[in-house]
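**Student:** Got a predicted structure here, sequence first:
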Amino acid sequence: MPPTILCLASYFKGGAFLEECKRLGCHTILITTQKLEQEAWPRHAIDEFFMLPFPNLARQPDVTYAIAYLMRERAIDRIVALDDYDIEIGAELREHFRLPGMGASQARFFRDKLAMRTRARQMGVPVPDFTAVFHYPTVSDYFARTPGPWLLKPRAEASAMGIKQIHHPDELWRTLDELGDRQSYFLLEKFLHGDVFHVDSVVWDGEVSFAAAHRYGLPPMTVYHGGGVFASSTVAHGSEIEHALLAANRQVIAAMGLARGVTHAEFIRATEDGQTYFLEIAARVGGAGIDQLVEYASNLNPWVEWARVIVADLREEPYTLPPLRHDYAGLIVSLARQEWPDTAGYNDAELVWRLHKRHHVGFIVASSDHARVQALVSDYASRVAYDFNASAPPLDRPPE
């Protein structure tokens, strides 16, 4: 019998993962929500498609009941969470059904910002000075030793969602009063000025088999809260910053103990002291087109390799990387005022990908020339801001 892989998806993503699983001979099951039924899932690569009548897949015990019902007649070999918000429920299900993969305790290192920072600091990884907000005298001591401004961050939201900048201790106490019983689900962290980077990796047997480092044009929090154009581009190969990022990334992945899979980690090079600090890590593929960005620079698609890693582990076979390139790519994405933006005027030879999505505009440029990619990203970001850019109010929580 072919191996059976059950995928959880509270958001529309992971089509390339499902297609690669099918190509490798797996029986694929997708569990998603009713609101995503009409999305352009790769139906040809999905053997069984189930929709649950919940806004997300974290509703318990209903999700466990649903999976247990399926398992009465199906031997499920692996459970894969395709989205950040499904990491913890996926881990709970593996624990409940005694399936291989990341369990509930380890999943905290990839979802809970307090857990991952605490673990990183314990293992000697530099992190911005932070504190939990459980014990008020400890928070007061933190204010006394750590100059502001500070960030109040939800421990389990994705990206920059729900982050609030705090300029004075009185602001924090008022905000905590407003949060009430939810305040323990936040942490307080020193705000650092600097360039923000992401490193996207493939991990096999506890070792980083592949990693690609990119720099955001604007910090994601700036784009999320203040609007603007999202951009990211490959850092110069062999540069000091690439070396520092890849070393820090290996250190973080070792600290979190991931055996196999993919990761998306974020770091900041602080302007004040020039040091590279760890911000967060997720056991998933980067969003907003980052998978395509990595592929056009390196010839490696993180979704495809994630599937290959899981199937190789399942079959007890070795995992090998595909042939790699060491080129450069740049990604530009923005909300658009127009329903279907006309991007015909963007036609450089290096343009290799266009985003086709209502009220969005996006491009990827690629070249073997780092300077050319940097110039195009800068040019396109400015033009997109003028031609198309729109903004939406930031959300504190994902929509139901």
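**Tutor:** The structure has been received and is ready for your questions. Residues are numbered from 1 along each chain as shown.
**Student:** Where does the prediction get shaky in the stretch 251-400 of the chain?
**Tutor:** Along the stretch 251-400 of the chain, the model assigns pLDDT under 70 to residues 392-400.
**Student:** Would you state the helices of it in chain order?
**Tutor:** Remark: helices assigned in the stretch 251-400 of the chain by DSSP state H, counting those that start in this stretch are 290-298, 302-314, 370-387.
**Student:** Most tightly packed of the ones you listed?
**Tutor:** Scoring the helices of the stretch 251-400 of the chain by mean neighbour count under mean count of other C-beta atoms under 10 Å gives helix 290-298 as the most buried, with a mean of 24. No exception for glycine: its C-beta is placed from N, CA and C like everyone else's.
**Student:** quick one: that helix to helix 370-387, angle?
**Tutor:** 150 degrees (axes from the mean of the first three to the mean of the last three C-alpha atoms, to 10 degrees).
**Student:** Name the residue closest to the centre of this structure, please.
**Tutor:** residue 286 (3.9 Å; C-alpha atoms, centre = their mean).
**Student:** Quick one: the helices of the stretch 251-400 of the chain as CSV, columns for distance to residue 347 too.
**Tutor:** Compiled in CSV, the helices of the stretch 251-400 of the chain are given as follows (distance: least, C-beta to C-beta, whole Å):
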stretch, distance to residue 347
helix 290-298, 17
helix 302-314, 28
helix 370-387, 11
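**Student:** Of the ones you listed, give the one that comes closest to residue 25.
**Tutor:** With C-beta to C-beta as the measure, helix 302-314 is the member of the helices of the stretch 251-400 of the chain nearest residue 25 (8.1 Å).
**Student:** helices and strands around the closest one, which ones?
**Tutor:** helix 15-23, strand 78-81, strand 194-204, strand 261-270, helix 290-298 (3 or more C-beta pairs under 8 Å, 6 or more residues apart in numbering; DSSP states H and E).
**Student:** can you rerun that using 6 Å?
**Tutor:** helix 15-23, helix 290-298 (3 or more C-beta pairs under 6 Å, 6 or more residues apart in numbering; DSSP states H and E).
**Student:** what sits against the residue nearest to the centre of the chain?
**Tutor:** Counting by C-beta atoms under 6 Å, 6 or more residues apart in numbering, residue 286 touches 200, 264.
**Student:** again, only using 10 Å
**Tutor:** Applying C-beta atoms under 10 Å, 6 or more residues apart in numbering to residue 286 gives the contacts 198-200, 212, 214, 232, 262-266, 292-294, 302.
**Student:** and it, backbone torsions?
**Tutor:** Note on residue 286: its backbone torsions stand at phi -60, psi 150 [degrees, to the nearest 10].
**Student:** Going forward, the N-terminal residue is numbered 23.
**Tutor:** Noted, 23 is the first residue going forward, which turns the last one into residue 308.
**Student:** about what we covered before: nearest to residue 54, out of the helices of the stretch 273-422 of the chain?
**Tutor:** Using C-beta to C-beta, the nearest of the helices of the stretch 273-422 of the chain to residue 54 is helix 324-336, at 16.2 Å.
**Student:** Tell me how far the closest one lies from the chain's centre.
**Tutor:** Distance of helix 324-336 from the chain centroid (C-alpha atoms, centre = their mean, to the nearest Å) equals 17 Å.
**Student:** and what of stretch 345-363?
**Tutor:** Computed by C-alpha atoms, centre = their mean, the chain-centroid distance of stretch 345-363 equals 16 Å.
**Student:** again with stretch 324-344
**Tutor:** Computed by C-alpha atoms, centre = their mean, the chain-centroid distance of stretch 324-344 equals 20 Å.
**Student:** And stretch 107-116, by the same measure?
**Tutor:** Per C-alpha atoms, centre = their mean, the centroid offset for stretch 107-116 relative to its chain is 16 Å.
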